[in-house]
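1. what's the 3D shape of this:
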Amino acid sequence: MSIQAPENRESRASYRRPETSRERFGWKTARTGSVPGPSGWNGYATTSVFRQDGRVAGESSYVERAPTPALAAVASLVWIQQVGDRPLAQRHVPHGGAELRCVLGETPRLLGPLTTAMYKDIPAGGTVVGVRLRPGVLGGLAGMPADELVDEDVACTDIWRGSSRLTDLLGDAATPRAALGHLQSFVARSAPAHDPLVGDAVRHLMPWHGGTPAALPALLSISERQLRRRCRAAVGVGAKELHRILRLQGFIARVQASIDQQDALGVDLARWAVETGYTDQAHLGRECRRLVGVTPGVLLSQTGAACGCGHDHAASYVPMLRPGYGRSVQERRLIPA
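-> Residues are numbered from 1 along each chain as shown. Sure, this is the predicted structure:
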């Protein structure tokens with residue numbers, strides 16, 4: 001039923017148009033250059049103004065891409081972020097993998113698998129290049145059990161010998177894109193073969209697959225104890241925790257796809273909760289607060305403000321969507337960096 005404004009002048013003066021879903025959740029068109037973080041969820045939206053030398057004069061910019069083909073098996077995306085005249089507190093959200101990131105001029109750092117949101121400061125004028133590793137890759141790449149790196153932020157020099165040379169390569173690169181190329185090459189050279197059984201477990205737990213941790217032992221012909229041990233060694237967390245993280249990423253992808261398709265009128269948190277594997281909206285709310293620190297409504301509002309300007313985040317969210325959903329989005333070509 002449509003709602004019309006009253007006809008008399010007195011009523012018109014006090015009449016307030018009902019809020020649309022876009023307004024209620026803060027889905028306003030962001031100014032050109034608004035900047036989401038590597039996960040697309042830091043709620044930071046600003047205008048980027050570039051100087052002739054290519055640096056940012058005032059605010060931040062963020063670009064994410066699919067990795068190079070040589071890195072596709074171990075990394076899900078790469079990014080470049082440039083910060084303007086003010087420092088930025090960047091929110092990182094659990095996604096099941098780890099991130100190798102570097103503020104150019106500083107030592108590259110490894111952000112281990114997260115079990116809750118974590119904020120990292122980026123200095124004013126800083127440029128960050130990063131690689132997001134797929135779940136199950138970290139243990140082999142670091143040469144140590146991944147569960148020792150959960151919720152840890154460590155210097156790469158503490159993990160890889162000779163990585164001090166990488167700091168110089170990144171700092172001396174002519175452009176941020178060249179620095180990102182050096183970082184991708186380092187990861188590609190360092191990455192050994194990962195545990196194929198854990199890889200099968202991760203694929204089974206992806207949001208679009210609909211698998212559950214309880215089904216994995218029989219599916220993979222392994223005991224629950226051995227599965228937990230191997231998942232913790234390769235991923236950093238057990239199958240149950242990984243399932244919770246990937247399920248939330250499925251919800252995040254659903255929200256991001258709707259923003260990308262400008263489908264603000266179709267916002268339905270209760271339906272989205274069930275579609276992405278939650279019992280109901282209350283279940284989604286508990287998990288969202290636990291893993292991100294905010295309610296789904298707040299998360300939706302922040303995402304709309306940060307990503308409503310049309311930034312392409314397909315590299316991070318399309319793999320989390322079930323096949324066939326948002327065909328126009330999934331058929332978008334992911335451009336390697």
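
2. can you pull out the helices in the stretch 151-300 of the chain?
-> Counting by DSSP state H, counting those that start in this stretch, the stretch 151-300 of the chain has helices at residues 164-172, 176-190, 196-205, 216-220, 224-234, 239-260, 269-275, 281-291, 296-307.

3. Out of the ones you listed, flag the one nearest residue 139.
-> Closest approach to residue 139 among the helices of the stretch 151-300 of the chain (CB to CB): helix 224-234, 4.1 Å. All C-beta spots, glycine's among them, are computed from the backbone N, C-alpha and C.

4. Which of the three states applies to residue 84?
-> Recorded secondary structure, residue 84: coil (DSSP: H, G, I helix; E, B strand; the rest coil).

5. Please apply the same query to residue 80.
-> Recorded secondary structure, residue 80: strand (three-state DSSP).

6. How many residues are close by the closest residue to it other than its chain neighbours?
-> Excluding its sequence neighbours, the residue lying closest to residue 80 (CB to CB, 6 or more residues apart in numbering) is residue 176, at 4.7 Å. Around residue 176 sit 20 other residues, with neighbours defined as other CB atoms under 10 Å.

7. hmm, back to that, now tabulate the helices of the stretch 151-300 of the chain in CSV and tack on mean pLDDT.
-> Formatted as CSV, the helices of the stretch 151-300 of the chain follow (pLDDT from 0 to 100):
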stretch, mean pLDDT
helix 164-172, 91
helix 176-190, 94
helix 196-205, 96
helix 216-220, 96
helix 224-234, 97
helix 239-260, 90
helix 269-275, 91
helix 281-291, 96
helix 296-307, 81
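
8. Could you export those helices as TSV, including distance to residue 157?
-> Output for the helices of the stretch 151-300 of the chain, formatted as TSV (distance: least, CB to CB, whole Å):
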stretch	distance to residue 157
helix 164-172	5
helix 176-190	13
helix 196-205	27
helix 216-220	36
helix 224-234	23
helix 239-260	28
helix 269-275	43
helix 281-291	30
helix 296-307	33
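
9. closest one to residue 144 among those helices?
-> helix 224-234 (9.0 Å).

10. any idea how far residue 125 is from the residue nearest to residue 80?
-> 13 Å (CB to CB, to the nearest Å).

11. Equivalent analysis for residue 212, please.
-> Distance, residue 212 to residue 125, using CB to CB: 47 Å.

12. next one: residue 231
-> 40 Å.

13. Tell me where the model's unsure across the stretch 51-200 of the chain.
-> The stretch 51-200 of the chain contains residues with pLDDT under 70 at 51-59.

14. Quick one: the strands in it, in order.
-> 61-65, 75-82, 88-92, 99-103, 109-111, 118-122, 127-133, 153-155 (DSSP state E, counting those that start in this stretch).

15. Mean neighbour count, the ones you listed: which tops it?
-> strand 127-133 (a mean of 26; mean count of other CB atoms under 10 Å).

16. contact partners of that one?
-> Around strand 127-133, the neighbours that count as contacts under CB atoms under 8 Å, 6 or more residues apart in numbering are 38, 55, 67, 71, 74-83, 95, 97-104, 122, 141, 170, 176, 179-180, 183-184, 187, 316.

17. Could you do stretch 282-294 as well?
-> Under CB under 8 Å, 6+ apart, the answer for stretch 282-294 is 41, 93-94, 115-117, 244-245, 247-248, 251, 269, 272-273, 276, 278, 295-296, 299, 302.

18. Leaving out chain neighbours, which residue sits closest to residue 163?
-> residue 156 is the one closest to residue 163 (CB to CB, 6+ apart), at 4.3 Å.

19. ok, that neighbour - how many residues close by?
-> 21.
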